[in-house]
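Novice: How does the following fold in three dimensions:
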Amino acid sequence: MDKDDLDELLDEVERKFCGKVSAACSDEKHNKRENKLGERSAATCEEPKSSISEDIDALLEELLEDDYSSSPPSKKRTFYNIMCCPVFIGGSSVTNGVGTATSKRSCDQLRCISCDFRVLMFDDSEWDASCDYLFLRNNMPDRHKLRAKLKKRKGLRAYACQCNWFSSSEAMDLRDQPQLRWVCGKHKD
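Specialist: Numbering: from 1, shown residues only. Presented below is the predicted three-dimensional model:
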């Protein structure tokens with residue numbers, strides 16, 4: 001591919017993807033190139049930066065006007081999604097919330113990346129030894145049915161998704177439990 005072919009290809013890309021301004025410039029360059037029969041055109045077709053900035057500002061103002069005119073005026077509160085880092089689980093004596101390295105809080109927004117179910121928690125309970133995958137698969141997320149395999153146990157917290165279950169009494173990092181494919185599903189501020 002020679003240099004002229006490459007220039008034509010780039011001009012075509014500009015015409016298709018860079019809007020009216022670039023297309024007009026490219027067409028002008030292309031026409032001059034054809035008129036000169038292969039001679040390089042020294043003319044440039046740049047729009048002044050101030051006019052481009054004004055166009056961008058005008059578009060932004062228009063977008064903002066559309067956003068505010070279509071919705072009724074109200075006090076909007078911005079919510080931030082916060083994730084635990086690292087993710088902790090723990091017994092019923094461990095405070096729920098956003099877990100960090102300095103505050104070992106039990107994440108109450110857990111989600112399983114294997115079954116894509118939200119992880120349910122049961123305070124002061126632990127899973128019975130007869131609990132199995134099939135039981136969870138058939139009864140999740142019905143809390144009432146799941147209680148059939150829970151035993152009351154002060155200080156423990158039972159966790160379950162559709163494919164896994166776990167009971168804990170103290171704060172523990174989920175990275176130490178590789179069989180649990182649970183992640184923080186983000187907390188609202």
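Novice: Listing request: residues of the chain with sub-threshold pLDDT.
Specialist: 1-3, 13-14, 16-53, 59-60, 63-80, 189 (pLDDT under 70).
Novice: Show me the domain layout of it.
Specialist: 3-70, 81-188 (automatic domain parsing).
Novice: Please determine how far residue 177 is located from residue 158.
Specialist: From residue 177 across to residue 158, the span is 14 Å (C-beta to C-beta, to the nearest Å). Every C-beta, even on glycine, is put in place using the N, C-alpha and C of the backbone.
Novice: now residue 174
Specialist: Taking C-beta to C-beta as the measure, residue 174 falls 15 Å from residue 158.
Novice: how close does residue 166 sit to residue 95?
Specialist: According to C-beta to C-beta, residue 166 stands 18 Å off from residue 95.
Novice: for residue 102, what are its contacts?
Specialist: Contacts for residue 102 (C-beta atoms under 8 Å, 6 or more residues apart in numbering) come out as none.
Novice: Reduced to three states, what does it come out as?
Specialist: Here residue 102 is recorded as coil under DSSP: H, G, I helix; E, B strand; the rest coil.
Novice: Which helix or which strand is home to residue 131?
Specialist: Residue 131 is part of no helix or strand when elements are defined by DSSP states H and E.
Novice: my read: it touches residue 166, true?
Specialist: No: here residue 131 lies out of contact with residue 166, judged by C-beta atoms under 8 Å, at a distance of 10.3 Å.
Novice: ok so, going back, more neighbours: which of residue 166 and residue 95?
Specialist: residue 166 (19 against 12; other C-beta atoms under 10 Å).
Novice: quick check, that one in a strand?
Specialist: Yes: Residue 166 sits within a strand when classified using three-state DSSP.
Novice: Just the residues contacting stretch 137-150, thanks.
Specialist: By C-beta under 8 Å, 6+ apart, the list of residues contacting stretch 137-150 reads 117-118, 120, 122, 125-128, 130-131, 135-136, 158, 160-163.
Novice: try stretch 122-133
Specialist: 92, 143, 146-147, 149-160, 163-167.
Novice: quick one on the thing from earlier: are any of the contacts of stretch 137-150 buried, and which?
Specialist: Neighbour-count burial (16 or more other C-beta atoms under 10 Å) applied to the contacts of stretch 137-150 gives 117-118, 120, 122, 125-127, 131, 135-136, 158, 160-163.
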